[in-house]
Each structure stands twice: as structure tokens, then as C-alpha cells.
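Asks: This is a predicted model, with the sequence first.
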There are 2 protein chains.
Amino acid sequence: MLKYVPSITREPIHQRLSCLFRQRISQGEWTEGRALPSEAQLCTENGVSRGTVRQALASLRSEGLIAGKRGKPPVVARPVPSQPFATFMSFSEWAHSLERVPGQRTWEIARRTAGVELAAKMRIEPGAPVVQVLRLRLLDGTPIMVERSNFIAEAGDALFDFDTDSGSIFGHLSSLGIELSRGKHVIDAVGADDTDARLLGVPAGSSLLRECRLTYRAGGRILECSDDRYLPRLANFVIENTRESGAALVRVPCPDPLCHPNENNQRKAENND
Amino acid sequence: MLKYVPSITREPIHQRLSCLFRQRISQGEWTEGRALPSEAQLCTENGVSRGTVRQALASLRSEGLIAGKRGKPPVVARPVPSQPFATFMSFSEWAHSLERVPGQRTWEIARRTAGVELAAKMRIEPGAPVVQVLRLRLLDGTPIMVERSNFIAEAGDALFDFDTDSGSIFGHLSSLGIELSRGKHVIDAVGADDTDARLLGVPAGSSLLRECRLTYRAGGRILECSDDRYLPRLANFVIENTRESGAALVRVPCPDPLCHPNENNQRKAENND
DNA sequence: GAACGGCACTTGTTCAGACAAGTTCATCAA
DNA sequence: TTGATGAACTTGTCTGAACAAGTGCCGTTC
């Protein structure tokens, strides 16, 4: 009867079970490539019916944690590379997760007004105030990326009280109660302009890997629009997909996918929560 | 009894059902935001038990196609950008899914021997035979990408009997019983070399968006290693992530992530199929 | 007209059983 | 030694039933 899982919670059994199984995998009790106990065994072990065990296993299966065929007990799958939210959104968090040292040199921080193009991307009025930050980012002291961020005024104002050379802007905003909820990233290539070239120490026109990012706060409003340009020899993006699990990365033809063609639909869907 | 789905196939009922439901959504019969018919209705309509209908719906739910709470019929969800396996792996499939016309001009197809670097990537012996294909890819007649593929001999040999200008290589291989199971994609930027420049009609040194791909067949052996270079104005890659669901895309520092650092573990896991 | 309660309906959870289909392994025969 | 056979095991599929829990609506009551 679910010996190891407290029954105080009102969570359904299959959820507690899948949580328990996930733990066993992450803690190495069930190791990669090894077969799981049979369904019958899990039933008696936890005092539940087979349907419930199967429901829990289905959850793990849909996450790609286990795999198997009929007739054989399922095995713990090769972990699919995936990056937690904070690590993917923040350069500093990313570096820390790699046990490497992030660095930054702020080149410019300025109040500006949004041009037509930027305003459309950020869904604000053209001419609305924004705060632009231009920073060079380093990994273990080596220049690796030029970051051009545009913050809405509310968040940007807080940056003038903050030493942008000292660390993560998102970390600072979080400490002020401004939380991120989701991001949209468009990856393409671009030639280095004069600024990129000077900061990164490469010839103008060199190929750079660009990530254009829209960062949303909780509630759906856009917090920041960024243009990050990486030296391609020093960083890139990796995705894996399988026949079972489609890619969460999408290859799209242009025009610019950061624009918002179906704004009405999105509004409607977001209000439906 | 599944009136609309041919019962000739040996697919299980719940799979045919979920396929049917997916169709109804993609064809607009069940539109975004609208409620689905109740489970009971779907049961009588298709002559199956509720468990089977729920199994089919669970499949859609895990794909994010529908969402709902207890007590209310599930509704068709806002489509999350995600790409099915075939669409992400194959240029031709991708173009078709966009209702655009794929095209290709084969520039070269040749038997070669694998150099040390390529052999390491493809996990074959240096000097082993491979078949190299150089193709220009077009979307609606416009050049958009240069594709350099290296196939293992077993698959590559089949390409000499195939008009590589006529369409999808993966489609051809599939018809020969060679099935893909997963892919690994590394995205970075690179300057156009003389060949890229000539085929794409841009100056040498222009920035191109590069996708290096490893394609695995069922069983875990590597089928193909490819270097695709896109014109960045015409195509790019998009990913969305939220606090709840981490990104399946990973930003990594170099060196080359296509190499196989933990080969022993992977070998073991793959042989277990 | 507004608030309330109850009914019908919905999905979520859990169980028990049956059969199909694939895997493993011991046994037996050639 | 080798190969075939079959039993025992596994997971996959499907059914039917029951109850819990949430939603929406209608009629009653204040």
C-alpha cells in the first residue's frame, strides 16, 4: 500500500507512484539500461492493481524516462539531454551549471524609446521607453558572446541601481519579485558588425550564431527582447529527437517568427486558464 | 466499430482512434478552444469501451493537443510549436508540412572512404566506404540550403539506383526497409565556402546557419552524418520553453558535441534493444 | 430577482479479469 | 552439439464496473 510514499497528500496513487519511480531513476536505484521490476512485482510491492501501475509507467514513458517492447520488462532509457528553464534563460546560470566561470563587461546601458520594429516584437507602443544594455559575456575569462537586451521600463529602471558587471540581471530582477515564466528563442546566423567584431576580437563580417529571445513574465507580458551573438567555435545548440518524441525545436521558414501574427488567438487561450 | 478507420491494419484500436482524433483536429473539424465530444459519446460512436477511448485521448494529451479539467470535456489546446519526427528529419517532409514545394539539385554523389574525423563521428572504421551526396535544396524554387550527407555504404549503395533529384532520400531508404529511429542535431554558424557561395548565390564568407546531423537507424547504428547550411534570412530554428517544461534544446560549449565521450555506456544501452 | 439545493452529466481514479503477443529458458529429440 | 518445442513469464490490449469529484443547469425557495 505505497509503503514509501506518504499517503497524507490527496494526490492520486498513480501520480505518487510515478513520482516514486522517477526518484528511483534519478537517485540511481534504477540505473540506465537496467530492466525495471515487472508490473506484477510493482503491483504486489505497492499493493495496487495493475492498471494503476501501468498508468504510472505510462507517465514515465511519455517523458522518455523508460522504454521497452512487449514481452520484455521496460528498461531505463538513455537520458535525453534537456535543460532546466533557468539554465537555458540565463547565461550566468548556464555557466554555473557547467561549473565554469561566467563573466561580463557592460559596454552601454541607456534609456531609449522603442522603434517601430522593436515595439512590435515586444508588443508595446512605438516610442515607449525601454532600457538597452550592451554587454560582452565571457566564459572562464574568454569572450564568447555579445548580448544586446531591451528591457521594458519597469524592469529596466531597476538596472541603474545594479552593477551589471557583477552578475546575472535575471537574478537581480528575481530578487525584486519580477519572475520569468517562459521564453521564445529564434536561432539563426548573422555576420559580425563593427561592434561585435571589436568586442569579440574577430574580423567584421565573421559568422556569428545568433539567439533572438523574447522573455515573458508571469501573466504573459513581455519583459525583455534580446539579441545574443555567440562565437560559433565556442558555443552551439544541440537537440535530439526520436521517432517517439518529436522535436520541441522547430525549423521555420522566415519571415521573422518573433512577430505575433495570431495575437487574438493567443490572447484568448491565455485568458482561458 | 471504428466506422471511419479501416480495420485492415493490425494497429491497436486506441492507436487508430488517436490517429483519427488527430486528423479531426488538424483538419479543423475540432477547432481550437472548442470542447470535444464526451467520452461516452466517443465510445458509442466508435463502438469501443471507455478505457480504450481514454487511452487514445491520453495520447493526444501527452502531445499537448488537448487539455481539460475534471468535470469538463477536454478542449482543443493552443498548438505548441513542436515538430513531428519525420518533418524535422527530412527537408522534403518539412516543406510538404508547410504546403510549400521542395526541390533539389544533386551536384555530386560519390563513393569515398571515411577520414579519421568523419569515422569518429559516425563510429565506423577510418577508411571504411561511405557515399557522399552534395545537394542544393530549394523551397518554392528558391535556393535555401546546401546539404552534404555521408551515408554508410549499406544505405549509400542504394542511392545509385535512385534519382536523388526526384525527392526525399529518407523516403527512398524507408521504402527499402531502412528506418530512422532518432537524430542528433548541432546548430551553429559558419562562413560560406566557395561551394556554398556558388550554389546559394552569395559572396564567399557570408554567414550561414549550419545544422550538423547524426541520423540513427533502429538498433542504434548511425546511418548518416550530414552538414546542412541554410541561408539565415530564409530559415531558422525556434524553440519555446516555460518554467514548467524545460527546453529540449541545449546550449553547449564546444568542443564538438557530435563526438561520443561516453561510448561504452551508449554501446551497452543500444545493444540491449 | 437572487440564493440555494439537488440532479444530470462530465471526467478522473481504481479495480479485476481476460486474452493476445512477444521473450526467455529449460527440456527433449535428432 | 544442435535444433525444435513448449511452458512460464512478460507486456500490450480491451472490457466492464464502480466510485469520487467537478461543472452546469433547472427548479424551488426566500
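Replies: Right, received. Where do you want to start?
Asks: all contacts plus neighbour counts: C-alpha atoms, from now on.
Replies: Noted.
Asks: shaky segments in the stretch 101-250 of chain A?
Replies: A:218-220, A:242-250 (pLDDT under 70).
Asks: if you skip the residues just before and after it, what's nearest to A:S166?
Replies: Of all residues not flanking A:S166 in the chain, A:Q104 sits nearest, at 7.5 Å (C-alpha to C-alpha, 6 or more residues apart in numbering or on different chains).
Asks: Can you check what pLDDT the model gives A:S38?
Replies: The per-residue pLDDT reported for A:S38 equals 88.
Asks: Could you check how many residues crowd around it?
Replies: 11 (other C-alpha atoms under 10 Å in any protein chain shown).
Asks: And for the one 4 residues further on?
Replies: Neighbouring residues of A:L42 were enumerated by other C-alpha under 10 Å; the total is 17.
Asks: That one: what secondary structure?
Replies: Under the three-state scheme (DSSP: H, G, I helix; E, B strand; the rest coil), A:L42 adopts helix.
Asks: Now for the nearest residue to it once chain neighbours are set aside: which residues touch it?
Replies: Among residues not flanking A:L42 along the chain, A:V53 sits closest, at 7.0 Å (C-alpha to C-alpha, 6+ apart). Shown in contact with A:V53 (C-alpha atoms under 8 Å, 6 or more residues apart in numbering or on different chains): A:14, A:17, A:39, A:42-43.
Asks: Most neighbours among these, which one?
Replies: Using other C-alpha under 10 Å as the neighbour criterion, A:L17 leads the contacts of A:V53 with 25 neighbours.
Asks: For the closest residue to that one other than its chain neighbours, pull up the helix or strand it's in.
Replies: The shortest distance from A:L17 to any non-neighbouring residue, by C-alpha to C-alpha, 6+ apart, is to A:A56 (5.9 Å). Counting by DSSP states H and E, the element that carries A:A56 is helix A:50-62.
Asks: swap in A:D188?
Replies: Assigning secondary structure by DSSP H and E places A:D188 in strand A:180-191.
Asks: From the contact counts, what lies against whatever helix or strand comes next after that strand?
Replies: Sequence-wise, the next helix or strand downstream of strand A:180-191 (DSSP H and E) is helix A:194-200. For helix A:194-200, the packing partners by 3 or more C-alpha pairs under 8 Å, 6 or more residues apart in numbering or on different chains; DSSP states H and E come out as strand A:142-152.
Asks: Listing partners with orientation, what would you give for the strand it packs on?
Replies: Strand A:142-152 pairs in its sheet with strand A:129-139 (antiparallel), strand A:222-230 (antiparallel), by DSSP bridges.
Asks: how about those strands, which one is nearest DNA strand D?
Replies: Comparison of the strands paired with strand A:142-152 against DNA strand D by C-alpha to the nearest atom of the strand identifies strand A:222-230 as nearest, at 28.9 Å.
Asks: got a list of what the spatially closest residue to A:V146 that is not a sequence neighbour touches?
Replies: Nearest in space to A:V146, with sequence neighbours left out and distances taken as C-alpha to C-alpha, 6+ apart, is A:L136 at 4.7 Å. Contacts for A:L136 (C-alpha under 8 Å, 6+ apart) come out as A:104-107, A:143-147, A:199-200.
Asks: Pick the one among these closest to B:F151.
Replies: The closest of these to B:F151 turns out to be A:I144 (C-alpha to C-alpha; 33.7 Å).
Asks: What count of nearby residues applies to that closest one?
Replies: 23.
Asks: what residues does the next helix or strand after the helix holding A:A56 touch?
Replies: Once helix A:50-62 ends, the next helix or strand along the chain (criterion: DSSP H and E) is strand A:66-67. Contacts to strand A:66-67, defined as C-alpha under 8 Å, 6+ apart, come from residues A:60-61, A:74-77.
Asks: let's go with 6 Å and repeat that
Replies: With contact meaning C-alpha atoms under 6 Å, 6 or more residues apart in numbering or on different chains, strand A:66-67 is reached by A:74-77.
Asks: Please work out the average pLDDT along it.
Replies: pLDDT averaged over strand A:66-67 gives 84.
Asks: That one pairs with which strands?
Replies: Its sheet considered, strand A:66-67 pairs with strand A:75-76 (antiparallel) by DSSP bridges.
Asks: Past the partner strand, which element shows up next along the chain?
Replies: Note on strand A:75-76: by DSSP H and E, the next helix or strand toward the C-terminus is helix A:85-89.
Asks: Could you confirm whether that following helix reaches chain B?
Replies: Yes - for helix A:85-89, a contact with chain B is found by C-alpha under 6 Å from any C-alpha of the partner chain, at A:F85.
Asks: Okay, buried residues for stretch A:32-40 please.
Replies: Residues of stretch A:32-40 classed as buried: A:32-33, A:35-36, A:39 (neighbour count, 16 or more other C-alpha atoms under 10 Å in any protein chain shown).
Asks: what do you get for stretch A:98-118?
Replies: Neighbour counts using 16+ other C-alpha under 10 Å place A:102-105, A:109, A:111, A:113-114, A:118 of stretch A:98-118 among the buried residues.
Asks: How about stretch A:50-57?
Replies: Buried residues in stretch A:50-57, counted by 16+ other C-alpha under 10 Å: A:52-57.
Asks: gap between stretch A:128-145 and the chain center?
Replies: 19 Å (C-alpha atoms, centre = their mean, to the nearest Å).
Asks: typed the wrong thing, it's stretch A:205-218
Replies: Worked out by C-alpha atoms, centre = their mean, stretch A:205-218 lies 13 Å from the chain centre.
Asks: Stretch A:160-173 too?
Replies: Relative to the mean C-alpha coordinate of its chain, stretch A:160-173 is positioned 20 Å out (C-alpha atoms, centre = their mean).
Asks: what about A:T195, distance to B:G191?
Replies: Remark: distance between A:T195 and B:G191 (C-alpha to C-alpha, to the nearest Å) = 19 Å.
Asks: could you say which helix or strand contains A:L208?
Replies: A:L208 belongs to strand A:207-217 when assigned by DSSP H and E.
Asks: what residues does that strand touch?
Replies: A:179-191, A:222-232, B:188-191, B:207.
Asks: Wait, A:I144 touches A:L138, no?
Replies: Yes - contact criterion C-alpha atoms under 6 Å: A:I144 and A:L138 qualify, at 5.3 Å.
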